[in-house]
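Trainee: Sequence and predicted model, in that order:
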Amino acid sequence: MAVMKIDVDHVARIEGHGDIHLTVEDGVVTGCQMEVVESARLFEAMVVGRPFDEVPYIASRICGICSASHAVTDILAIERIFGVEVSDRTNALRELLLYGSFLQNHATHLFVFATPDFLGHKSVFPLASENRALYDGALALKALGNELCTKVGGRSIHPICAVVGGFTHEVGAEEYLKLADKMEAAMDFAEEAVDLIASFEVMDLQTEGDFLAMVAPEGYPVCGSDTARFVRAGYDFSAQDAEKEIEEYVIGHSAAFLARAARTGKPYMTSALSRINASWGQLGRRARYASARAGLRPPNLNPFMNNVAQAVELLDALDRCATICRRLAADEYEGGSAPVSFEVREGSGVGFTEAPRGALFHRITLDGKGRVRSANILTPTAQNIANMESDMAEVAQAFADAGRSSAAIKLEVEKLVRAYDPCLSCSVH
């Protein structure tokens, strides 16, 4: 019997630590594991007994890239418990803050983590000499995301201005106009990035899993909607029922929780590609045209195309953020952003946002004094691992069928893992 074993200790160019283990026997993949080796982080236990207003600050420490997403998601959960209704202006600022983390994450993932795979490099650093314009443009996009989060949230990571009921601080109209100018100036580079990422050759992989994303009657939502959709199965559910609709489970070879759709038993992907599949028609005109030119239109079932989807979202985010900033400067949103008054009460609620990597759910239960009784966090990467493992096996089998070498299989599987843009540190509870 011919046995090929492929082991990757600590996959490079992803967030967090994970190992890949593949076994191919007589040309058949008999073992495929994505082993998450991160230790338990205990954020859910950490907040038990804490007052509600401390929880968003603690939750933001789960991730340095998605910190705004975790903070806002907790705030939404707490506001549901208290029955808080915020202004249109506050909702606009929250959207702006979340898009800041999209710019931070997508620029890092696409240019630092993924692109070297397709340009024949082991890291991003050779780009500095080979393609200085691409290197500088990528860093500028990341810096713009940092600036946006700083101006709206008070810091580039771990925001301090977003609180239950509103914001404690807001910049002036002149700052919003400067941000809008910078967003618009970056759009040409972002559009070129879509074309570049789309030019990379990827294998024709069709995932067997589903796609999960937030949806709304109008718009391309990242917050403000309570409705999630399993795109291939074709049904919606309320985020308040997430723990009923999404089944979490454990496996022996990974420290992370895995997930599957409770109704169908299928694994799924939640990601930029999921959002494109769910809401492509709601992209801004320039992003939609760039997406169509890149060959990215729903239904697209190839997880490698998540790279292109993120590039499209970069362009779309710049466009949306420029519009929001100009509307904020012109005072076109109803209401102010100062925190509204509310009464503390006991109850349970789920916050739901689209983090850069996909759907994010936080459930919080509070007692009558506003202290946390229990919490549960369902991150995008935890939801993605089961589907990622399934797709890894498909990639390995296709390459084995073609008689490819172990080195070729290893590289292609690593490309797939990076296309998922996992944050393995966030996947453990």
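Mentor: Cool, got the structure.
Trainee: Show me the shaky parts of the chain.
Mentor: Scanning the chain with the threshold set as pLDDT under 70 gives 1, 429.
Trainee: Let me see the ranges of the strands in it.
Mentor: 3-8, 18-25, 28-36, 162-163, 166-167, 210-215, 227-230, 235-238, 246-249, 258-261, 268-269, 347-355, 358-366, 372-378 (DSSP state E).
Trainee: Not counting the last one itself, show me its contacts.
Mentor: Think strand 372-378. Residues outside strand 372-378 that contact it (CB atoms under 8 Å, 6 or more residues apart in numbering) are 43-44, 47-52, 55, 59, 62, 70, 242-243, 246, 248, 259, 360-367, 429. Glycine gets a C-beta too; all of them are placed from N, C-alpha and C.
Trainee: Just the buried residues from those residues, in ChimeraX please.
Mentor: The ChimeraX command for the buried members of these (criterion: 16 or more other CB atoms under 10 Å) is given here:
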select :43,44,47,52,55,59,62,70,242,246,248,259,360,361,362,363,364,365,366,429
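Trainee: What's the separation between Ala173 and Arg327?
Mentor: Distance, Ala173 to Arg327, by CB to CB, to the nearest Å: 11 Å.
Trainee: Compare neighbour counts for the two and give me the winner.
Mentor: Arg327 (16 against 13; other CB atoms under 10 Å).
Trainee: what about that one, distance to Lys369?
Mentor: Applying CB to CB to Arg327 and Lys369 gives a distance of 39 Å.
Trainee: cool, and Leu360?
Mentor: Counting by CB to CB, the gap from Leu360 to Lys369 is 27 Å.
Trainee: Skipping adjacent residues, who's closest to the residue most central in space within the chain in space?
Mentor: With distances taken as CA atoms, centre = their mean, Arg357 lies nearest the centre of the chain, 1.5 Å away. Excluding its sequence neighbours, the residue lying closest to Arg357 (CB to CB, 6 or more residues apart in numbering) is Pro380, at 4.0 Å.
Trainee: And Ala355, by the same measure?
Mentor: Leaving aside its sequence neighbours, Ala355 sits nearest to Ser69 (CB to CB, 6+ apart; 3.8 Å).
Trainee: and if you look at Leu127?
Mentor: Leu127's closest residue in space is Tyr135 (CB to CB, 6+ apart), at 4.4 Å.
Trainee: can you pull the contacts of the one you found?
Mentor: Contacts of Tyr135 by CB under 8 Å, 6+ apart are Phe111, Val124, Leu127, Ala128.
Trainee: 10 Å - rerun?
Mentor: Phe111, Val112, Thr115, Val124, Phe125, Pro126, Leu127, Ala128, Ser129 (CB atoms under 10 Å, 6 or more residues apart in numbering).
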